[in-house]
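Chemist: Compute the structure for the input listed below.
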Amino acid sequence: MAMPRVLGSTVDDQTRCTHYRTVLDVVAIRFWCCQEYYPCHFCHAESAGHAAVPWPAAERDAAAVLCGVCAHELTVREYRDADGCPRCSARFNPGCRLHASLYFED
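Modeler: Next comes the predicted model:
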């Protein structure tokens, strides 16, 4: 499966960026406001040219998160309920939950 385009300051082909680049930082978020994938909120702020808008709570079943390992797109609900990719089992950074409100409304 081809990897969708990920914008921002990526440093590898698994969606890591200059801001978050540990072995667990393998997701990109499709931002609600522009429908473009970015590795993180800092990349969006630096590159998008507009303010970020979180995914509305009513859109929990929309594909909005990209696994950088296998290119599987997860819904908001799947991502928020998971510790890793349901397709390839790649682990996701649990620290991302600390700033989930930047990406998703509760």
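Chemist: Show me the shaky parts of the protein.
Modeler: By pLDDT under 70, the low-scoring segments of the chain are 1.
Chemist: at 90 instead, please
Modeler: The chain contains residues with pLDDT under 90 at 1-3, 96-97, 106.
Chemist: Can you show me the strands along it?
Modeler: Remark: strands assigned in the chain by DSSP state E are 27-30, 37-38, 63-67, 73-75.
Chemist: for the ones you listed, which one sits closest to Thr15?
Modeler: strand 27-30 (4.3 Å; C-beta to C-beta). To be clear about C-beta, it is placed using only N, CA and C from the backbone, and glycine gets the same treatment.
Chemist: roughly how far is that closest one from the heart of the chain?
Modeler: 2 Å (C-alpha atoms, centre = their mean, to the nearest Å).
Chemist: related to what we said a few turns ago, may I see the strands of the chain organised as TSV, with distance to Asp106 added?
Modeler: Below are the strands of the chain laid out as TSV (distance: least, C-beta to C-beta, whole Å):
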stretch	distance to Asp106
strand 27-30	16
strand 37-38	21
strand 63-67	15
strand 73-75	16
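Chemist: I'd like these as CSV, with mean neighbour count appended.
Modeler: Below are these laid out as CSV (neighbours: other C-beta atoms under 10 Å):
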stretch, mean neighbour count
strand 27-30, 26
strand 37-38, 26
strand 63-67, 23
strand 73-75, 18
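Chemist: Which one of those lies nearest to Ser101?
Modeler: That would be strand 27-30 among those, by C-beta to C-beta, at 12.5 Å.
Chemist: my guess is Glu46 contacts Cys17, does it?
Modeler: No - if you go by C-beta atoms under 8 Å, Glu46 and Cys17 don't touch, sitting 9.8 Å apart.
Chemist: Those two: which has the busier surroundings?
Modeler: Cys17 (21 against 16; other C-beta atoms under 10 Å).
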